[in-house]
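> Coordinates for the following, if possible.
(chains A and B)
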Amino acid sequence: MSMHVRIGVVLAAFVLLAPQAGAVMITQLDPDDSYADADWTISNEPNASVILVGLRVEYFKPEMIGSPVLLQFVLDANDLDLSGAPKDIHLVNYGDLDDPNVSLINSTGVTWEDFHVLLVNVPTYLAEYAAAGFTDLAGVDSDPFGTPTVSASDRLGFDGATLSDRGSEALLRGVHVEHNGTDGGVFYIKLIPTPEPATLALLVVGAAAIVTRRRRRVV
Amino acid sequence: MKTTWWLLGVAALVALPAGPAGAWIITQIDPATSSGYAGSTVVMYDTDPNVDVIEIHKYFIRDPNGETMPVSLQLMFTREPNDADTITIIDEFILNLQIQDNRTWQDFHVALLTEPNVVLRGGGVEFVNPGGATAWQQTGGETRLDGVPISFSATQVDWLTSDPNQAVPPGGFADAPVNQLVLRGLAIDASDLETGESFILKEWPTVPEPGTLVLLTAAGLVAALRKRRDRR
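Coordinates of the predicted model:
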């Protein structure tokens, strides 16, 4: 084996066996962990065509109903495939990256009727613009909500079921994100549960009562 | 007070994102989007019969002219047919990206202005319960700028802290949420506005001079005393 071939083999082995040099960076920007907690694990194998993000989110406080868990994604130079094209990001199961189900756990004590996933980019005029959007929309599905009633590149909406018990779990699968691969590019994913109408009605009546009482006190 | 706004916020979400259906037109009018001074993204939740619900992401990047002209961000809201009278801002996620200016925020201000040359019928646009607004690093966790406003009126809310631990330091995107300010509980009553009329939501951080600090503190004390008197 010539010296050049040996060097080539060593370099190839280094590229294939070296630990991952980096990948998209995820941060929970809101709320505090005591209100809702997201856990994630990231797999960005050099030879893989996609980046896998295992995700699990648990909502603890009733205040989270109607309010987003906000995750910031900051892209890395390694988020490209071997041809230099940006790798799509697939949200999958936190404990098993081969399982496509993202776990969403309702520990709020309030029944969920709907669930919403929004994708937000930074403004196009910032250098960090990542042109991110949901893709492969036909493959998005959920238990117990079923297929989304709203699906677009910046929003997925689910309804048609309830998630009532404390500790009960919704599964979300097929959520894929495309982006432009900008090193340092930023986008956000927001995960928002909303309550069932009966709960909502109670909340509205409660809020109205508080406002009325306060007004009466002021007058 | 905080509970009320959580509840009203939830009430606003009866028909969350089906896509923006006839919502307010919201435009960043200052600074120019090409300036590189500040940027914003408005997330429309949806329109229900009574309340329009939005979230706003804001990025303060650098001051136009150093300390003599701190950056402010102004969004113009123009009313469309069928828009609700009240705009609920579920939350604002504000990032201090002013690394170049090395600007640590000790205060932050939110104000409502009327569009120049347009006289609004009936009085104007007002914050609903401005004293109930709160400031956080992350909702439910550590507060920022002491959490509650030091002073407020129907058209302006001010936060101010003298505690270095409550200040908002500059940083990059990757540093968030250390350099993040989350405002909650802001709602705007725009019932006096007719279709096609506008108002401006202006927000700005400053590094207050000692004189301003004294004035703001005095205003906060007056507001607190008045509140206590009203309770009695």
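
> Stretch B:72-83 and chain A, any residue contact?
No: Stretch B:72-83 lies apart from chain A when judged by C-beta under 8 Å from any C-beta of the partner chain; the minimum separation is 11.5 Å. Where C-beta positions appear, they are placed from N, C-alpha and C, glycine not excepted.

> contacts for that stretch?
With contact meaning C-beta atoms under 8 Å, 6 or more residues apart in numbering or on different chains, stretch B:72-83 is reached by B:22-31, B:38, B:40, B:42, B:47, B:52, B:56, B:58, B:60, B:87, B:113, B:115, B:188, B:190, B:193-204.

> Pull up the distance across that stretch, start to finish.
27 Å (C-alpha to C-alpha, to the nearest Å).

> so who does residue 140 touch?
Here I'm looking at chain A. So A:Val140 contacts A:134, A:147-148, A:151, A:156, A:172-175 (C-beta under 8 Å, 6+ apart).

> Actually, chain B is the one I wanted.
By C-beta under 8 Å, 6+ apart, the contact set of B:Gly140 is A:31-32, A:34-35, A:61, A:63.

> nearest residue to the closest residue to chain A within chain B other than its sequence neighbours?
Per C-beta to the nearest C-beta, the residue of chain B with the smallest distance to chain A is B:Gly141, at 2.8 Å. Sequence neighbours aside, A:Asp32 is the residue nearest to B:Gly141 in space, at 2.8 Å (criterion: C-beta to C-beta, 6 or more residues apart in numbering or on different chains).

> Confirm the one you found sits in a strand?
No: the assignment for A:Asp32 by DSSP: H, G, I helix; E, B strand; the rest coil gives coil, which leaves it out of any strand.

> picking up where we left off before, just send the contacts of A:Val140 back as a markdown table, with distance to chain B, neighbour count and secondary structure too.
Listed next are these as a markdown table, based on distance: C-beta to the nearest C-beta, whole Å; neighbours: other C-beta atoms under 10 Å in any protein chain shown; DSSP: H, G, I helix; E, B strand; the rest coil:
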| residue | distance to chain B | neighbour count | secondary structure |
| --- | --- | --- | --- |
| A:Phe134 | 13 | 22 | strand |
| A:Thr147 | 15 | 15 | coil |
| A:Pro148 | 11 | 24 | coil |
| A:Ser151 | 11 | 15 | strand |
| A:Leu156 | 9 | 25 | strand |
| A:Leu172 | 15 | 24 | strand |
| A:Arg173 | 20 | 17 | strand |
| A:Gly174 | 18 | 21 | coil |
| A:Val175 | 15 | 27 | coil |
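
> before we move on, back to that, what's around the residue nearest to B:Gly141, how many residues?
19 (other C-beta atoms under 10 Å in any protein chain shown).

> wouldn't it be in contact with B:Gln138 here?
Yes: A:Asp32 lies in contact with B:Gln138 (C-beta atoms under 8 Å); the separation is 4.3 Å.

> Run through the chain and note the low-pLDDT ranges.
I'll assume chain A. A:1-22, A:196-219 (pLDDT under 70).

> The intended chain is chain B.
B:1-22, B:46-51, B:66-69, B:115-123, B:207-232.

> And the strands in it?
Taking DSSP state E to define them, one finds strands in chain B at B:25-30, B:38-47, B:51-60, B:64-67, B:73-78, B:86-96, B:107-114, B:126-127, B:134-136, B:151-152, B:156-160, B:180-189, B:198-206.

> what's the answer for chain A, then?
Using DSSP E, strands in chain A cover A:25-30, A:36-43, A:50-59, A:69-74, A:88-93, A:102-106, A:112-121, A:133-135, A:141-143, A:150-152, A:155-158, A:168-173, A:176-178, A:186-195.

> So which of these is nearest B:Thr161?
The closest of the strands of chain A to B:Thr161 is strand A:25-30. By C-beta to C-beta, the value is 20.0 Å.

> So in that sheet, which strands flank that closest one, and in what orientation?
strand A:69-74 (antiparallel) (DSSP bridges).

> For chain B, what's the nearest residue on chain A?
Closest point on chain A to chain B, by C-beta to the nearest C-beta, is A:Asp32, at 2.8 Å.

> neighbours around residue 164, how many?
Just so you know, I chose chain A. 14.

> wait, I meant chain B there
If we define neighbours as other C-beta under 10 Å, then B:Pro164 has 9 of them.
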